[in-house]
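Student: Below is the sequence, then the predicted model.
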Amino acid sequence: MQAERELKGNILPFWLAKVRNAENGGFFGFIDADMVVRKGAARGGLLTCRILWTFSAAYRRYRDGCYLELATWAYRDLVDHFWDAEAGGFFWTIAEQGGAAKEAGKLVYLQVFGIYALAEYYRATGDKIALAKSIATYRLVERHARDPAHGGYFDALDRNWNRRAAAQHYALGRAPKTVNSHMHILEAYTNLLRAWDDPNLQGSQCELLRVLMQRFIDPCTYHSIPLMTEAWEPIGNAVSYGHDIELSWLILEAAVVLGDAMLMAEVERVSLAVARVTIAEGVDADGGVISTGGPAGYTATDKEWWPQAEAAVGFFNAYQISGESRLFEASRRSWDYIEAKFVDRVHGDWIEKVRRDGTPIRRPKVTLWRCPYHSSRACMELTERVHQQLGIAPVR
């Protein structure tokens, strides 16, 4: 299958060969468009988590020792260098040489990627210490980030898990609550549930799924609401088509793992509605997903790598729900667009961003955010979903 060939032949080889910092440990924090490493760039906890998840998931599927070796390298980096031994949780950045944190605040977005990645490493290797660390991080998030008054989760916390003001929210849009954070809390809890079937975790996940369905998805437009106050008042009216289609399949994944048939039926209805709206409003004539829009039309017409990856999965997920051929074709067009415009045939991996006409925009190859997560996850999801359609047993 094309997605599997792309994963094993291009994406994973790039990250295996180009990003490890053999001298200082962990991974380079910044590599520019010409593959030049920026010396002294901070190392990011999010990048390490996403590499850990990617190569743990790849090893679980393919049992290739080189995938396990890099997953273990990332695991040691995460728990040895990013874990806060005093207050718990993971630092956002550390110096290139390791040691003291450069940014010690507890952005919950990062904490849940730690949960997600450590649970996957456990699923791949059976390492019980990794599972224990994932569970411990989940308990910290529940204790400190959950909003007891209005529900949902705050994202910006200081090193000691006290809330930061919205103005200090340095990564996700300066709002008390964001759909981006909540969808990835959901994804992390889904993966932890696969490894640890705990009733309290089930309860947290069920409540979070309801929050996403009832608070973050507009019942009239079926767009996600990116930014919210703590009392669930929308901030602005922006539309992120990539987050819409990503959320559409993550909510169904969560419902499947929870195993509640009535809840699953409701989630399928909403998931399908979100996917249909994304096709109608967010997909360009060439099959690429536009970045952002609003009531007056598009606000950013460039196209980034991650919405294309999410669209290929999200539209296929909608096809699996409905059987509608146009949804299958939308997924196919998304993949064709990725192959035509985003696969980097010079340096490897994918190009980060193109203009609306498909012209590449010079962007770094590796940053604290630019990682293998979206592209590799899309390839794995598409491979497994096609296998499901063909009756081939999935990897567990």
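Tutor: It's in. Residues are numbered from 1 along each chain as shown.
Student: In the chain, where is pLDDT below threshold?
Tutor: 165-173, 393-396 (pLDDT under 70).
Student: same for the biggest helix by length in it, what does it pack against?
Tutor: Counting by DSSP state H, the longest helix found in the chain is helix 261-282. Applying 3 or more C-beta pairs under 8 Å, 6 or more residues apart in numbering; DSSP states H and E, one finds that helix 261-282 contacts helix 199-211, helix 241-258, helix 305-322, helix 325-341. Quick note: C-beta positions are derived from backbone N, CA and C, even for glycine.
Student: Pull the number of nearby residues for residue 178.
Tutor: Residue 178 has 29 neighbours, counted by other C-beta atoms under 10 Å.
Student: Put together a markdown table for the helices and strands packed on helix 261-282, with mean neighbour count and distance to residue 7 on each row.
Tutor: Output for the helices and strands packed on helix 261-282, formatted as a markdown table (neighbours: other C-beta atoms under 10 Å; distance: least, C-beta to C-beta, whole Å):
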| stretch | mean neighbour count | distance to residue 7 |
| --- | --- | --- |
| helix 199-211 | 16 | 28 |
| helix 241-258 | 24 | 18 |
| helix 305-322 | 25 | 11 |
| helix 325-341 | 19 | 12 |
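Student: where exactly do the helices run in this structure?
Tutor: Going by DSSP H, the chain shows helices at 2-6, 12-18, 45-62, 65-77, 108-125, 128-144, 179-195, 199-211, 241-258, 261-282, 305-322, 325-341, 373-390.
Student: Which strands or helices does the fifth one pack on?
Tutor: The contact analysis (3+ C-beta pairs under 8 Å, 6+ apart) places helix 108-125 against helix 45-62, helix 65-77, helix 128-144, helix 179-195.
Student: For residue 90, give me its contacts.
Tutor: 45, 49, 78, 82-84, 106, 110-111, 114, 137 (C-beta atoms under 8 Å, 6 or more residues apart in numbering).
Student: repeat that for 10 Å
Tutor: In this structure, residue 90 makes contact with 45-46, 48-49, 78-79, 81-84, 101, 104, 106-107, 110-111, 113-115, 133, 137, 140, judged by C-beta atoms under 10 Å, 6 or more residues apart in numbering.
Student: go on, residue 306?
Tutor: Per C-beta under 10 Å, 6+ apart, neighbours of residue 306: 242-243, 246, 289, 342, 350, 352-353, 369-371, 373-375, 377-378.
Student: neighbours of residue 126, just the number please.
Tutor: 10.
Student: roughly how far apart are it and residue 60?
Tutor: To residue 60, residue 126 is 11 Å away according to C-beta to C-beta, to the nearest Å.
Student: With residue 343 instead?
Tutor: As for residue 343, its distance to residue 60 is 24 Å (criterion: C-beta to C-beta).
Student: residues near the closest residue in space to residue 102 that isn't next to it in sequence, how many?
Tutor: Closest residue to residue 102 apart from its sequence neighbours, by C-beta to C-beta, 6 or more residues apart in numbering: residue 93 at 4.4 Å. When neighbours are defined as other C-beta under 10 Å, residue 93 has 21 of them.
Student: Surely residue 93 touches residue 30?
Tutor: No. Assessed by C-beta atoms under 10 Å, residue 93 is found out of contact with residue 30, at 11.3 Å.
Student: Find residues that contact each of those two.
Tutor: With C-beta under 10 Å, 6+ apart, residue 93 and residue 30 have common neighbours 41-44, 47, 368.
Student: List just the nearest of the contacts of residue 306 to residue 223.
Tutor: Closest approach to residue 223 among these (C-beta to C-beta): residue 243, at 9.0 Å.
Student: quick one: the closest one and residue 180 touch, right?
Tutor: Yes. Between residue 243 and residue 180 a contact is recorded at 6.2 Å, counting by C-beta under 10 Å.
Student: okay, and the common contacts of these two?
Tutor: With C-beta under 10 Å, 6+ apart as the test, residue 243 and residue 180 both reach 216, 224, 226.
Student: quick one: contacts for the spatially closest residue to the second one that is not a sequence neighbour?
Tutor: Think residue 224. In space, residue 224 comes closest to residue 179 once its chain neighbours are excluded; the distance is 4.7 Å by C-beta to C-beta, 6+ apart. Shown in contact with residue 179 (C-beta under 10 Å, 6+ apart): 172-173, 212, 215-217, 223-228, 240, 243-244, 246-247.
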